[in-house]
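> Here is a sequence with its predicted model. Questions after.
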Amino acid sequence: MPENNFENISKDLNTLDLKNSSNPKFKEAQDEDIYVMPIKFLEKHKKKKKNVWVLLLSIFLILIVLSVGVVFLFNEKARKIFFMSQKKPVIEINGDKEKPVDLGVKNNEKIEIAQTIKTEVKDKDGKVISRAQVTLPFGFIDSEEKPKIISQYPSKSYFMIDPRQDIIGGIYTFVPSNIKLKRSITLILGYDDKIISNYKEKDFRVAFLENGKWNFLEAQQDVEGNTFTVTLLDIKDVYTILVSKTEEILAGLDTDLDIINPDILPSTTDSDFDGLTDVEEGFFQTDPQRADSDLGGYPDGWEVINLFSPNDGALYPLSNSGTIKIYTDPIYKYSIFYLKDFLVNFVDNKTIFIPPIETGESIIVIVQENPEKLKSKEWYIKQFEEKTLDKAKLKTSIVDGIEGVWSVDTQNFYLAKDNLIYVFSYNSSLLNHLNFKTVFKMMINSFKFNHKGEKIKTEEEVVKEGEKTTQIEETKGLPKIETEIKNEE
C-alpha cells in the first residue's frame, strides 16, 4: 500500500471521536482498543538504499588496505624505510659491543639506507691496531661522489707535526676532503689495548689536521670499548687519536729522531704530509694536496721509497711509471734509479745527479777502495774512531742484500761489498731545508750491484774505449725489493 495512504488513515483514526458517534458499530467498539503500526516500520525500503552505500564504502577501504599490504610485503625498500624510521641502526666495532649511530635525521623524515664505510690499520706484523667506521646518511651531501677513507700506518712526517704529541693507532684520510655536509655524519675511531703503552686512556683526544697543525675535536669516549665517537658537520683531510707525551718520555728522546736532532736538515714544505715535498710532487706528477694521489691505499712518499708508482694504483712498479730512468755505471756496472728530469755527470769516480732547479742540491754516488774488506758499519766507525760516536744509535738499511749504514745527519749512506765502498751523498750546498730527501732514499733502495759478473773496468779503460759518457737504459721491470729498515721509528 502506498505510504501516503497509511499516513492518511493514521491521521483519520487519531481524529475520530468514537464516543460521540451515532453509528451503532462504533458504539460496540467503544470498549475495544485500536492499535496502529508506527511509521518507522513502514520505511524499511529506504534503509536498504543506505546499506548499499555503506557496503560499497567498506569494500573500497578494504581494497586500499590490501594494496598497501601488498606493496609492503613485496617491496623491500619500503620495508627498510619503515623499520629505519622506528629505530637507529646498530653497528659493531669492538667485538660483541654495539653502539647506535646517529644519522642526523629527524624521526619523522624518510631516508634511504645509510652507507657504512669501515677500515682498519695493521702494524708491521699484520695485527690490527686501530679501526675507523663512518655512516653516511642518504642526502648528506649534494654531490653524487661519496667520500672514501684511506687508512695508513703513520709515517715519520706525521710525528714531526708536533713532537709533543704521540699518535695512537693509525691515520685516516678522507678523499675528497673539506666537504660541506647537509647532514651530520658520525665517525667512530677505535684502538687496540696493546698500543696504549704507558699512557692513560683518559688523556687520549681525537684530532684533525688543518694548515699543518693538529686541531682537537669534542668526542664521546668509551674507555671500555676503546672507541671515540665524533659528530662531524664537515669533513677534513686527516683524522687520528693523539695523546700528549709525558715529561719522562720527552726527556728520554734522543738524537735518533729527526725532529730533535740538530744535525738533520728538515725537508721543505710537504702540504699533504705524505712524505713527498711539494717540489718532489711536481716531478712525480702527483697531487700535493692529496696524501694518496692514486687512491691505492698507500701514501705517495711510502710508495716512492719502496719503488712503487704513486700515480698508477696500488703497488704499480715505479720503473714503469714514466717518471724515472735507470743509470748503469760504465766502470762498476751498478745500476740505480733517478728522476728522468735530472742531469747526469760522470767525473772521476763520481756520478753526479743534478735536479733541473737552481738550488745547488745534488746527489752523488762515489766508489772507494776497501782493501780490508770491512763491513759497512765497521768501515764507517773506523773513519770516525777519533770522534765521539754512539754506535748503538747508528741506523742501518738492507740494500740489494747487503747491510749499509747511515751517517748521523742521514745525508750519507755507506754500502760495502768485497773490496769496494759505495758512498751515496746528498749535497745540500748552503740550504737549511732539503727538497729531495725522499728521492735520495728511493735512489738508494733501487741500487743494484753488478750481478752479471762483468769485469769492472778502470777509469783509464773507460776513457780509452770512448765510454766516458753516461749509459742510460730504460727499465724493463721492477727490481726485487730487498730493502729493510732497522732501528728506525
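That came through, no problem.

> Every contact and neighbour count from this point should use C-alpha atoms.
OK.

> which stretches of this structure form helices?
Along the chain, counting by DSSP state H, helices occupy 3-15, 24-28, 44-74, 76-86, 156-159, 247-252, 278-284, 300-305, 376-383, 437-446, 459-464.

> Report the contact partners of residue 432.
For residue 432, the contact set (Cα atoms under 8 Å, 6 or more residues apart in numbering) comprises 265, 266.

> what number of residues lie near residue 368?
13 (other Cα atoms under 10 Å).

> ok, for it, nearest residue in space, not its chain neighbours?
Nearest residue to residue 368, sequence neighbours excluded (Cα to Cα, 6 or more residues apart in numbering): residue 421, at 5.1 Å.

> gap between the one you found and residue 196?
Distance of residue 421 to residue 196, computed by Cα to Cα, to the nearest Å: 43 Å.

> Compare those two (neighbour count), which wins?
For residue 421 versus residue 196, the count of surrounding residues by other Cα under 10 Å is larger for residue 421: 23 against 15.

> Show me the beta-bridge partners of the closest residue to residue 167 other than its chain neighbours.
Distance criterion Cα to Cα, 6+ apart; nearest residue to residue 167, sequence neighbours excluded, is residue 242 at 4.8 Å. Beta-bridge pairing for residue 242 (DSSP bridges): residue 167, residue 205.

> which residues of the stretch 201-350 of the chain score low on pLDDT?
The model of the stretch 201-350 of the chain has pLDDT under 70 over residues 211, 246-263.

> Show the residue spans covered by the strands in it.
Using DSSP state E, counting those that start in this stretch, the strands of the stretch 201-350 of the chain run over 205-210, 213-217, 220-222, 227-235, 238-244, 324-328, 335-339, 343-347, 350-354.

> Show the residue spans covered by the strands in the stretch 351-489 of the chain.
Using DSSP E, counting those that start in this stretch, strands in the stretch 351-489 of the chain cover 362-369, 396-399, 402-406, 412-417, 420-427, 471-473, 484-486.

> Report all helices and strands that the second one contacts.
Applying 3 or more Cα pairs under 8 Å, 6 or more residues apart in numbering; DSSP states H and E, one finds that strand 396-399 contacts strand 402-406, helix 437-446, strand 484-486.

> The fifth one too?
In terms of contact count using 3+ Cα pairs under 8 Å, 6+ apart, strand 420-427 is assigned the packing partners strand 362-369, strand 412-417.

> What residues of stretch 146-164 count as buried?
For stretch 146-164, the neighbour count (16 or more other Cα atoms under 10 Å) marks 147-160 as buried.

> can you redo the strands of the stretch 351-489 of the chain as a markdown table with distance to residue 304 and mean pLDDT?
Formatted as a markdown table, the strands of the stretch 351-489 of the chain follow (distance: least, Cα to Cα, whole Å; pLDDT from 0 to 100):
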| stretch | distance to residue 304 | mean pLDDT |
| --- | --- | --- |
| strand 362-369 | 17 | 94 |
| strand 396-399 | 15 | 93 |
| strand 402-406 | 19 | 94 |
| strand 412-417 | 18 | 94 |
| strand 420-427 | 17 | 94 |
| strand 471-473 | 20 | 37 |
| strand 484-486 | 15 | 36 |
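
> Burial-wise, tell me which of these comes out on top.
Comparing the strands of the stretch 351-489 of the chain by mean neighbour count (mean count of other Cα atoms under 10 Å), strand 412-417 ranks first with a mean of 22.

> which residues sit against that strand?
Residues from elsewhere that reach strand 412-417 (Cα under 8 Å, 6+ apart): 370, 373-376, 380, 402-407, 421-426.

> What of stretch 155-162?
Stretch 155-162 has contacts (Cα under 8 Å, 6+ apart) with 165, 166, 167, 212, 213, 214, 259, 273, 274, 275, 489.

> Output that stretch as CSV - backbone C-alpha positions only.
Taking C-alpha atoms only, stretch 155-162 is exported to CSV below (Å, rounded to 0.1, in the frame of the first residue of the first chain):
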residue,chain,number,x,y,z
SER,A,155,104.8,7.8,8.8
LYS,A,156,107.5,9.9,10.5
SER,A,157,106.2,13.1,8.8
TYR,A,158,103.1,12.9,10.9
PHE,A,159,105.0,12.6,14.2
MET,A,160,107.1,15.6,13.2
ILE,A,161,104.0,17.9,13.1
ASP,A,162,104.0,18.2,16.8
